[in-house]
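Peer 1: What follows is a predicted protein model with its sequence.
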Amino acid sequence: MRIDARNLLDRLGRSDFSYKEFEDRFTDLELWPILEALLRDPRLQALDQPALQVAKSATRGNGEAPAPDERVPEAPKEQIQVLFSRYEHGSEPAAKASAPAPHPADSSGDVRALLRRLSAAVETEGAATGTAPREGDA
Amino acid sequence: MPVILCHGPKGGTGTTFVAAHLAMGLSAEGADVTVLTFAARDTMPLHFGLSQAISLPSLTAPADEAVLVGGINLRHWTRSADDADLLPMLNDLGYLSPGKDRVMVLDVPSGDWRAARRIAQAACAHVCPLTVQPDSLALLPQMFDEAGTDGLSRTAFVINALDETRRLSRHGAAFVRELAGQRLVGRIRSDEAVPEAMAMLQPLSRYAPASAALSDVRAISGKLVDALHSTDPVWIAPSAASRAA
């Protein structure tokens, strides 16, 4: 670390900088063609996804701020422990755990449908404005 | 002994960096940690502040040849990663036996994905470092396909070298957050102090204690430690022991 950066951090009483102000919401991101292609790839749907979160993201209005917990890319401790605890109990719980637990509010949480909806929205927007990502908002 | 596999879909995603710092974090918590690296061209010593001239001893080398850094036993798998003897040997050496105070962290290069898949069957977790650059993201479908549902159930993702001042990086990170959900255990910010520490032949913790990347990787390590502690009283490999027997 450069000495001037270290001095600034010392003066601020911080150990590092955080660029949280740059973080974009999923619904605000420009769907670069590669991300769009990945969204359409059925192989990515093998991972249990936070369907409800995707649903919220897909349906959230542009002006609505995300909830604070949605801005933090960290998993709750219990969920990580579930990931590891599969190791302890052998194949049966692992098989059980490999299926995503149904979310109580997941009646609309069909990830495939959500991805289709996201893709359709992109296509609609792309037809109106062109598919290339916008420039210059960094 | 918990076995933690570190393996990314593409080279250059910082798998060795993550593996080294996971080992340090686990060791700091009092675990007896062994690092086993599979890379033919190995840079693991640099992350521990050692010269690249040091060659790590093989897994079976006697204790007097061991390279110990801060109590962490650094070893190198000198045979092919696809060697069918690997898991039986780990079992014979006691690395797959129950005992939660001993941990083995395996650093497997991206190219050895077949070996990684096999090792993952014996591991408690697969930590998968990613960058959010297009060439890394593009490989995710193939990786998911290879891992299968059961393999993915033990996979935790880490975004490495994240530069949130860059638009594409922000968007890629948002995509991975949505994709991985709870399986994203954290992100490590891009930090010039990481290569600088290697250039100084110093551990990152000594060269730049205030490093953002160090802070981030420590947070990730802390989560993994919490997860390890959650499985009381012992860790039992799901299938390796029976396969190795």
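Peer 2: Here it is on my side, so go on.
Peer 1: ok now stretch B:77-93, how far from the chain's centre?
Peer 2: 17 Å (C-alpha atoms, centre = their mean, to the nearest Å).
Peer 1: need the helix or strand of the chain with the lowest average pLDDT.
Peer 2: Since no chain was named, I'll use chain A. Within chain A, no helix or strand scores below helix A:91-98, which has a mean of 37 by mean pLDDT, DSSP states H and E.
Peer 1: other chain: chain B
Peer 2: Min over SSEs of chain B, mean pLDDT, DSSP H and E: helix B:240-244 (a mean of 37).
Peer 1: Over to residue A:34: give its phi and psi.
Peer 2: Note on residue A:34: its backbone torsions stand at phi -70, psi -40 [degrees, to the nearest 10].
Peer 1: And for it, the neighbour number?
Peer 2: Residue A:34 has 15 neighbours, counted by other C-beta atoms under 10 Å in any protein chain shown. Yep, even glycine has a C-beta here, placed from its N, CA and C like the rest.
Peer 1: what's the answer for residue B:136, then?
Peer 2: So residue B:136, with other C-beta under 10 Å, has 24 neighbours.
Peer 1: quick check, it in a helix?
Peer 2: Yes: checked against DSSP: H, G, I helix; E, B strand; the rest coil, residue B:136 lies within a helix.
Peer 1: Quick check: it vs chain A, distance?
Peer 2: Distance from residue B:136 to chain A, counting by C-beta to the nearest C-beta, to the nearest Å: 11 Å.
Peer 1: hang on, that residue packs against residue B:9?
Peer 2: Yes: contact criterion C-beta atoms under 8 Å: residue B:136 and residue B:9 qualify, at 6.6 Å.
Peer 1: Give the residues shared as contacts by the two.
Peer 2: residue B:130 (C-beta atoms under 8 Å, 6 or more residues apart in numbering or on different chains).
Peer 1: what about chain B, any weak spots by pLDDT?
Peer 2: For chain B, residues meeting the criterion pLDDT under 70 lie at B:1, B:98-100, B:228-245.
Peer 1: Please enumerate the helices of it.
Peer 2: B:15-28, B:44-47, B:86-92, B:113-120, B:134-137, B:140-152, B:167-180, B:193-199, B:204-207, B:212-230, B:240-244 (DSSP state H).
Peer 1: residue contacts, the residue lying closest to residue B:10 once chain neighbours are set aside?
Peer 2: Leaving aside its chain neighbours, residue B:10 sits nearest to residue B:136 (4.8 Å; criterion: C-beta to C-beta, 6 or more residues apart in numbering or on different chains). Each residue near residue B:136 by C-beta under 8 Å, 6+ apart is listed here: B:8, B:9, B:10, B:13, B:130.
Peer 1: Show the contacting residues for the nearest residue to residue B:173 once chain neighbours are set aside.
Peer 2: With sequence-adjacent residues excluded and distances taken as C-beta to C-beta, 6+ apart, residue B:173 is closest to residue B:132, at 4.9 Å. The contact partners of residue B:132, by C-beta under 8 Å, 6+ apart, come to B:159, B:162, B:168, B:169, B:172, B:173, B:175, B:176.
Peer 1: Closest to residue A:13 out of the residues you listed?
Peer 2: Closest approach to residue A:13 among these (C-beta to C-beta): residue B:162, at 23.9 Å.
Peer 1: what's the burial count for the closest residue to that closest one other than its chain neighbours?
Peer 2: Nearest non-adjacent residue to residue B:162, counting by C-beta to C-beta, 6+ apart: residue B:187, 4.9 Å away. Residue B:187: 23 surrounding residues under other C-beta under 10 Å.
Peer 1: Isn't residue B:187 up against residue B:173?
Peer 2: Yes: shown here, residue B:187 and residue B:173 form a contact pair, counting by C-beta under 8 Å, at 6.7 Å.
Peer 1: Any idea how far apart the tips of stretch B:173-191 sit?
Peer 2: One end of stretch B:173-191 to the other measures 16 Å (C-alpha to C-alpha, to the nearest Å).
Peer 1: Quick check: most distant residue from the centroid of chain B.
Peer 2: The C-alpha centroid of chain B is most remote from residue B:167, which lies 27.9 Å away (C-alpha atoms, centre = their mean).
Peer 1: For stretch B:59-67, buried residues please.
Peer 2: Across stretch B:59-67, burial judged by 16 or more other C-beta atoms under 10 Å in any protein chain shown covers B:59, B:67.
Peer 1: Format the CA atom coordinates belonging to it as PDB.
Peer 2: Coordinates of each C-alpha in stretch B:59-67 appear next as PDB, following Å, rounded to 0.1, in the frame of the first residue of the first chain:
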ATOM      1  CA  LEU B  59       2.800 -35.500   0.600                       C
ATOM      2  CA  THR B  60       4.700 -38.600   1.700                       C
ATOM      3  CA  ALA B  61       8.000 -36.900   2.500                       C
ATOM      4  CA  PRO B  62       9.200 -37.400   6.100                       C
ATOM      5  CA  ALA B  63       8.500 -34.900   8.700                       C
ATOM      6  CA  ASP B  64      12.100 -33.600   8.800                       C
ATOM      7  CA  GLU B  65      11.600 -32.400   5.200                       C
ATOM      8  CA  ALA B  66       8.400 -30.600   6.000                       C
ATOM      9  CA  VAL B  67       8.000 -26.900   5.200                       C
END
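Peer 1: how many neighbours does the nearest residue to residue B:76 once chain neighbours are set aside have?
Peer 2: Distances taken as C-beta to C-beta, 6+ apart put residue B:56 closest to residue B:76, at 3.9 Å, once the chain neighbours are dropped. By the measure other C-beta under 10 Å, the count of residues near residue B:56 is 22.
Peer 1: Residue A:13 too?
Peer 2: Neighbours of residue A:13 using other C-beta under 10 Å come to 6.
Peer 1: Now that residue B:73 has come up, it's in contact with residue B:31, right?
Peer 2: No: contact between residue B:73 and residue B:31 fails when scored by C-beta under 8 Å: they sit 11.3 Å apart.
Peer 1: Tell me where chain A is predicted with low confidence.
Peer 2: A:17-30, A:46-138.
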